[in-house]
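[1] quick one: sequence plus predicted model below, questions after.
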Amino acid sequence: MADLKTPTTPPPLKIIAGADSYGCSLKDALIAHLRSLNIEVEDLGTSSYYSIAAEVGRRVSSEATSSSSPKTTETRGLVACGTGVGVSIFANKYPGVFAATCLTPAEALNARSINNSNVLAVSGMSTAPESAIEILNTWLNTPFKSPCPASGSQPWPSEVESFLENSLTEMPKIGAGGDFEVPCSLCCLVKNRELEPIEIVPGGSMKIIRETPTSAIVRFKAGSVEPAHHHTFGHDLVVLEGKKSVWNLSRKERFDLSVGDYLFTPAWEVHRVKYHEETEFFIKWDGKWDMFFDEDLQTAKEAIDKEEGSKINNQ
(Lines give C-alpha, C1' and ligand atoms only; values in the text may rest on other atoms or scores of the structure.)
Protein backbone atom coordinates (compact mmCIF):
# COMPACT_ATOMS: atom_id res chain seq x y z
CA MET A 1 0.00 0.00 0.00
CA ALA A 2 1.27 3.47 -0.88
CA ASP A 3 2.52 5.63 2.00
CA LEU A 4 -0.04 8.39 2.50
CA LYS A 5 2.03 10.32 5.03
CA THR A 6 4.15 12.08 2.42
CA PRO A 7 3.45 12.22 -1.34
CA THR A 8 6.17 10.39 -3.27
CA THR A 9 5.94 12.58 -6.36
CA PRO A 10 4.25 15.97 -5.92
CA PRO A 11 1.71 16.40 -8.75
CA PRO A 12 1.86 19.50 -10.98
CA LEU A 13 -0.65 21.34 -8.84
CA LYS A 14 -1.53 24.87 -7.88
CA ILE A 15 -3.62 25.22 -4.72
CA ILE A 16 -5.78 28.29 -4.07
CA ALA A 17 -6.47 28.54 -0.35
CA GLY A 18 -8.60 30.60 2.01
CA ALA A 19 -10.29 30.39 5.41
CA ASP A 20 -12.48 32.20 7.90
CA SER A 21 -11.30 33.09 11.40
CA TYR A 22 -12.24 29.65 12.75
CA GLY A 23 -10.16 27.85 10.12
CA CYS A 24 -7.23 30.21 9.53
CA SER A 25 -4.74 28.45 11.84
CA LEU A 26 -5.39 25.08 10.22
CA LYS A 27 -5.23 26.65 6.76
CA ASP A 28 -1.82 28.17 7.55
CA ALA A 29 -0.49 24.81 8.80
CA LEU A 30 -1.65 23.06 5.63
CA ILE A 31 -0.19 25.77 3.40
CA ALA A 32 3.18 25.37 5.14
CA HIS A 33 2.98 21.63 4.48
CA LEU A 34 2.08 22.13 0.80
CA ARG A 35 4.98 24.52 0.31
CA SER A 36 7.34 22.03 1.95
CA LEU A 37 6.32 19.66 -0.86
CA ASN A 38 7.13 22.36 -3.47
CA ILE A 39 3.46 22.67 -4.41
CA GLU A 40 2.50 26.16 -5.58
CA VAL A 41 0.00 27.84 -3.25
CA GLU A 42 -1.90 31.10 -3.64
CA ASP A 43 -3.16 32.13 -0.21
CA LEU A 44 -6.22 34.40 -0.40
CA GLY A 45 -6.00 34.98 3.34
CA THR A 46 -8.76 35.13 5.94
CA SER A 47 -12.25 36.57 5.52
CA SER A 48 -15.88 35.64 6.19
CA TYR A 49 -16.52 31.99 5.36
CA TYR A 50 -18.97 32.72 2.55
CA SER A 51 -16.89 35.35 0.72
CA ILE A 52 -13.56 33.53 0.96
CA ALA A 53 -15.03 30.16 -0.02
CA ALA A 54 -16.95 31.72 -2.91
CA GLU A 55 -13.75 33.33 -4.22
CA VAL A 56 -11.81 30.06 -4.01
CA GLY A 57 -14.71 28.30 -5.78
CA ARG A 58 -14.85 31.00 -8.47
CA ARG A 59 -11.11 30.71 -9.16
CA VAL A 60 -11.13 26.91 -9.31
CA SER A 61 -14.26 26.99 -11.49
CA SER A 62 -12.59 29.38 -13.90
CA GLU A 63 -9.75 26.91 -14.39
CA ALA A 64 -11.99 23.83 -14.45
CA THR A 65 -14.34 25.23 -17.09
CA SER A 66 -11.68 26.95 -19.19
CA SER A 67 -11.45 25.67 -22.76
CA SER A 68 -7.78 26.56 -23.08
CA SER A 69 -5.59 23.55 -23.79
CA PRO A 70 -3.30 22.01 -22.85
CA LYS A 71 -3.30 22.69 -19.10
CA THR A 72 0.19 22.35 -17.72
CA THR A 73 -0.95 22.83 -14.11
CA GLU A 74 -4.01 21.50 -12.35
CA THR A 75 -5.69 24.05 -10.07
CA ARG A 76 -7.44 22.88 -6.93
CA GLY A 77 -8.77 24.62 -3.82
CA LEU A 78 -8.32 24.37 -0.06
CA VAL A 79 -10.86 26.00 2.27
CA ALA A 80 -11.28 25.92 6.04
CA CYS A 81 -13.87 27.14 8.55
CA GLY A 82 -15.08 25.97 11.95
CA THR A 83 -16.68 22.79 10.63
CA GLY A 84 -15.67 22.74 6.97
CA VAL A 85 -19.34 22.63 5.97
CA GLY A 86 -20.09 26.28 5.21
CA VAL A 87 -17.03 26.81 3.03
CA SER A 88 -17.84 23.64 1.11
CA ILE A 89 -21.41 24.83 0.43
CA PHE A 90 -20.30 28.20 -0.92
CA ALA A 91 -17.41 26.87 -3.00
CA ASN A 92 -19.82 24.43 -4.64
CA LYS A 93 -21.98 27.26 -5.97
CA TYR A 94 -19.71 27.41 -9.03
CA PRO A 95 -19.83 25.02 -12.03
CA GLY A 96 -17.07 22.45 -12.24
CA VAL A 97 -16.31 22.71 -8.51
CA PHE A 98 -16.59 19.52 -6.46
CA ALA A 99 -15.85 20.62 -2.90
CA ALA A 100 -15.91 17.97 -0.17
CA THR A 101 -15.71 18.32 3.60
CA CYS A 102 -13.33 15.62 4.85
CA LEU A 103 -12.81 14.81 8.53
CA THR A 104 -10.85 11.58 7.96
CA PRO A 105 -8.39 10.22 5.37
CA ALA A 106 -11.01 7.64 4.34
CA GLU A 107 -13.44 10.43 3.48
CA ALA A 108 -10.72 12.17 1.45
CA LEU A 109 -10.03 8.90 -0.38
CA ASN A 110 -13.73 8.49 -1.22
CA ALA A 111 -14.10 12.14 -2.26
CA ARG A 112 -11.26 11.91 -4.75
CA SER A 113 -12.09 8.42 -6.04
CA ILE A 114 -15.84 8.89 -6.42
CA ASN A 115 -16.32 12.63 -6.97
CA ASN A 116 -12.95 13.77 -8.36
CA SER A 117 -13.02 16.43 -5.63
CA ASN A 118 -11.05 19.51 -6.61
CA VAL A 119 -11.67 21.56 -3.47
CA LEU A 120 -10.84 20.16 -0.03
CA ALA A 121 -12.79 21.62 2.92
CA VAL A 122 -11.45 21.04 6.42
CA SER A 123 -12.64 21.74 9.96
CA GLY A 124 -10.57 24.07 12.09
CA MET A 125 -12.55 23.13 15.22
CA SER A 126 -12.61 19.34 14.81
CA THR A 127 -9.33 18.45 13.13
CA ALA A 128 -5.82 18.71 14.57
CA PRO A 129 -3.05 19.85 12.18
CA GLU A 130 -1.40 16.40 12.17
CA SER A 131 -4.67 14.71 11.19
CA ALA A 132 -5.44 17.41 8.62
CA ILE A 133 -2.04 16.86 6.97
CA GLU A 134 -2.83 13.16 6.63
CA ILE A 135 -6.23 14.04 5.14
CA LEU A 136 -4.57 16.50 2.73
CA ASN A 137 -1.90 14.01 1.63
CA THR A 138 -4.54 11.38 0.97
CA TRP A 139 -6.54 13.89 -1.06
CA LEU A 140 -3.43 14.91 -3.04
CA ASN A 141 -2.35 11.34 -3.81
CA THR A 142 -5.65 9.67 -4.70
CA PRO A 143 -6.52 9.52 -8.42
CA PHE A 144 -10.10 9.71 -9.63
CA LYS A 145 -11.79 6.25 -9.84
CA SER A 146 -9.07 4.58 -7.75
CA PRO A 147 -9.92 1.88 -5.16
CA CYS A 148 -11.26 3.37 -1.94
CA PRO A 149 -13.18 2.31 1.18
CA ALA A 150 -16.48 2.67 -0.69
CA SER A 151 -15.29 0.09 -3.24
CA GLY A 152 -13.99 -2.26 -0.55
CA SER A 153 -10.49 -1.08 -1.56
CA GLN A 154 -10.93 -3.05 -4.80
CA PRO A 155 -10.88 -1.67 -8.38
CA TRP A 156 -14.25 -0.32 -9.45
CA PRO A 157 -16.24 -2.47 -11.93
CA SER A 158 -16.27 -1.04 -15.44
CA GLU A 159 -19.95 -0.03 -15.24
CA VAL A 160 -19.29 1.93 -12.05
CA GLU A 161 -16.24 3.61 -13.59
CA SER A 162 -18.43 4.67 -16.50
CA PHE A 163 -21.04 6.06 -14.11
CA LEU A 164 -18.39 8.04 -12.20
CA GLU A 165 -16.96 9.44 -15.43
CA ASN A 166 -20.38 10.54 -16.69
CA SER A 167 -21.25 12.13 -13.36
CA LEU A 168 -18.59 14.79 -13.90
CA THR A 169 -20.50 16.17 -16.89
CA GLU A 170 -23.95 15.58 -15.40
CA MET A 171 -23.41 17.24 -12.00
CA PRO A 172 -22.73 20.77 -13.35
CA LYS A 173 -26.10 20.62 -15.17
CA ILE A 174 -28.02 20.43 -11.89
CA GLY A 175 -29.90 23.69 -11.39
CA ALA A 176 -28.74 25.09 -14.73
CA GLY A 177 -32.30 25.20 -16.13
CA GLY A 178 -31.92 22.27 -18.50
CA ASP A 179 -33.74 18.95 -18.65
CA PHE A 180 -31.39 17.28 -16.18
CA GLU A 181 -33.28 17.40 -12.87
CA VAL A 182 -32.33 15.75 -9.60
CA PRO A 183 -34.41 16.06 -6.40
CA CYS A 184 -32.85 17.74 -3.38
CA SER A 185 -30.75 15.15 -1.53
CA LEU A 186 -31.46 16.70 1.87
CA CYS A 187 -35.22 16.69 1.22
CA CYS A 188 -35.01 13.01 0.24
CA LEU A 189 -33.46 12.22 3.63
CA VAL A 190 -36.63 13.23 5.45
CA LYS A 191 -39.23 12.14 2.87
CA ASN A 192 -41.79 9.75 4.37
CA ARG A 193 -40.15 9.99 7.81
CA GLU A 194 -42.14 10.95 10.88
CA LEU A 195 -40.62 13.76 12.94
CA GLU A 196 -40.86 13.50 16.72
CA PRO A 197 -42.03 16.55 18.76
CA ILE A 198 -39.39 18.57 20.60
CA GLU A 199 -41.10 18.68 23.97
CA ILE A 200 -39.09 21.57 25.45
CA VAL A 201 -39.88 23.89 22.51
CA PRO A 202 -43.58 24.16 21.49
CA GLY A 203 -44.20 23.89 17.76
CA GLY A 204 -40.98 22.04 16.97
CA SER A 205 -40.29 18.49 15.80
CA MET A 206 -37.11 16.69 14.79
CA LYS A 207 -35.80 13.52 13.14
CA ILE A 208 -32.20 12.37 13.68
CA ILE A 209 -30.76 11.08 10.40
CA ARG A 210 -27.14 10.43 11.45
CA GLU A 211 -25.20 9.97 14.68
CA THR A 212 -21.66 11.20 15.51
CA PRO A 213 -21.36 13.75 14.04
CA THR A 214 -25.08 14.17 14.46
CA SER A 215 -27.39 15.58 11.80
CA ALA A 216 -31.16 16.01 11.80
CA ILE A 217 -34.12 17.48 9.99
CA VAL A 218 -36.03 19.98 12.16
CA ARG A 219 -39.47 21.46 11.50
CA PHE A 220 -41.25 24.34 13.25
CA LYS A 221 -44.81 25.59 12.86
CA ALA A 222 -45.40 29.16 11.66
CA GLY A 223 -45.24 31.65 14.53
CA SER A 224 -43.15 29.38 16.77
CA VAL A 225 -40.48 30.98 18.95
CA GLU A 226 -37.35 29.48 20.50
CA PRO A 227 -36.50 31.49 23.63
CA ALA A 228 -32.90 32.67 24.02
CA HIS A 229 -30.74 29.60 24.62
CA HIS A 230 -27.28 28.17 24.05
CA HIS A 231 -25.64 24.79 23.40
CA THR A 232 -22.29 23.28 24.37
CA PHE A 233 -21.68 22.58 20.67
CA GLY A 234 -21.54 24.69 17.52
CA HIS A 235 -24.04 23.85 14.81
CA ASP A 236 -24.52 24.37 11.07
CA LEU A 237 -27.93 24.65 9.49
CA VAL A 238 -29.37 25.01 5.98
CA VAL A 239 -32.98 26.15 5.48
CA LEU A 240 -34.93 23.76 3.24
CA GLU A 241 -38.35 25.41 3.47
CA GLY A 242 -39.88 28.54 5.01
CA LYS A 243 -38.44 31.64 6.70
CA LYS A 244 -36.91 32.24 10.12
CA SER A 245 -35.02 34.94 12.00
CA VAL A 246 -32.13 34.24 14.36
CA TRP A 247 -30.97 36.81 16.89
CA ASN A 248 -27.42 36.06 18.06
CA LEU A 249 -27.58 37.90 21.38
CA SER A 250 -23.92 37.21 22.17
CA ARG A 251 -22.84 39.07 19.03
CA LYS A 252 -25.83 41.43 18.85
CA GLU A 253 -26.52 40.31 15.26
CA ARG A 254 -29.72 39.30 13.45
CA PHE A 255 -29.91 36.84 10.58
CA ASP A 256 -33.03 36.56 8.38
CA LEU A 257 -32.93 33.18 6.66
CA SER A 258 -34.98 31.67 3.85
CA VAL A 259 -34.71 28.65 1.55
CA GLY A 260 -31.08 27.78 0.78
CA ASP A 261 -29.55 30.04 3.43
CA TYR A 262 -26.80 28.69 5.72
CA LEU A 263 -25.85 29.72 9.25
CA PHE A 264 -23.20 28.54 11.72
CA THR A 265 -23.67 29.34 15.41
CA PRO A 266 -20.63 28.66 17.65
CA ALA A 267 -20.88 26.81 20.96
CA TRP A 268 -22.14 28.78 23.99
CA GLU A 269 -23.39 31.74 21.93
CA VAL A 270 -26.89 32.75 23.06
CA HIS A 271 -29.49 32.98 20.30
CA ARG A 272 -33.26 33.48 19.96
CA VAL A 273 -35.32 32.28 16.95
CA LYS A 274 -38.69 33.09 15.39
CA TYR A 275 -40.30 31.11 12.56
CA HIS A 276 -42.32 33.37 10.23
CA GLU A 277 -43.66 30.46 8.17
CA GLU A 278 -43.74 26.70 8.61
CA THR A 279 -40.03 26.08 8.34
CA GLU A 280 -37.86 23.02 7.84
CA PHE A 281 -34.08 22.93 8.06
CA PHE A 282 -31.11 20.56 8.09
CA ILE A 283 -28.83 20.87 11.13
CA LYS A 284 -25.49 19.27 12.03
CA TRP A 285 -23.56 19.27 15.31
CA ASP A 286 -20.89 17.30 17.18
CA GLY A 287 -21.65 15.52 20.45
CA LYS A 288 -24.85 14.91 22.36
CA TRP A 289 -27.84 17.23 22.04
CA ASP A 290 -28.32 19.78 24.79
CA MET A 291 -30.23 23.07 25.12
CA PHE A 292 -29.88 25.56 28.00
CA PHE A 293 -32.48 28.33 28.18
CA ASP A 294 -31.47 31.90 29.03
CA GLU A 295 -35.03 33.28 29.11
CA ASP A 296 -38.61 32.04 29.18
CA LEU A 297 -41.00 31.85 26.22
CA GLN A 298 -43.07 34.89 27.24
CA THR A 299 -39.98 37.09 27.61
CA ALA A 300 -38.78 35.97 24.18
CA LYS A 301 -42.11 36.76 22.52
CA GLU A 302 -42.23 40.21 24.14
CA ALA A 303 -38.67 40.99 23.01
CA ILE A 304 -39.44 39.93 19.42
CA ASP A 305 -42.73 41.85 19.34
CA LYS A 306 -40.97 44.96 20.64
CA GLU A 307 -38.24 44.80 17.99
CA GLU A 308 -40.63 44.06 15.14
CA GLY A 309 -42.97 46.84 16.28
CA SER A 310 -40.05 49.27 16.39
CA LYS A 311 -38.99 48.17 12.92
CA ILE A 312 -42.48 48.84 11.52
CA ASN A 313 -42.64 52.29 13.17
CA ASN A 314 -39.29 53.26 11.66
CA GLN A 315 -40.34 52.35 8.12
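    Structure's in. What do you need?

[2] the closest residue in space to residue 22 that isn't next to it in sequence - how many residues pack around it?
    Among residues not flanking residue 22 along the chain, residue 82 sits closest, at 3.6 Å (Cβ to Cβ, 6 or more residues apart in numbering). For glycine as for every other residue, the C-beta is placed from the backbone atoms N, C-alpha and C. Using other Cβ atoms under 10 Å, residue 82 has 23 neighbouring residues.

[3] surely residue 82 meets residue 263?
    No - judged on Cβ atoms under 8 Å, residue 82 makes no contact with residue 263 at a distance of 11.8 Å.

[4] low-confidence ranges in the stretch 151-300 of the chain?
    Within the stretch 151-300 of the chain, the stretches with pLDDT under 70 are 172-193.

[5] residue boundaries of the helices in it?
    158-170, 185-190, 297-313 (DSSP state H, counting those that start in this stretch).

[6] over to the stretch 1-150 of the chain?
    If DSSP H, counting those that start in this stretch is used as the criterion, the helices of the stretch 1-150 of the chain fall at 24-36, 49-64, 85-91, 105-115, 129-141.

[7] so which elements touch the third one?
    If contacts are counted by 3 or more Cβ pairs under 8 Å, 6 or more residues apart in numbering; DSSP states H and E, helix 85-91 sits against helix 49-64, strand 74-81, strand 99-101, strand 119-123, strand 235-241, strand 262-265.

[8] now tabulate those in CSV and tack on mean neighbour count.
    Formatted as CSV, the helices and strands packed on helix 85-91 follow (neighbours: other Cβ atoms under 10 Å):
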stretch, mean neighbour count
helix 49-64, 22
strand 74-81, 27
strand 99-101, 24
strand 119-123, 29
strand 235-241, 19
strand 262-265, 20
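
[9] need the ones you listed in TSV with distance to residue 274, can you?
    Shown next, in TSV, are the helices and strands packed on helix 85-91 (distance: least, Cβ to Cβ, whole Å):
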stretch	distance to residue 274
helix 49-64	23
strand 74-81	26
strand 99-101	29
strand 119-123	30
strand 235-241	13
strand 262-265	14
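
[10] out of these, flag the one nearest residue 150.
    For residue 150, the closest of these is strand 99-101, at 12.7 Å, according to Cβ to Cβ.
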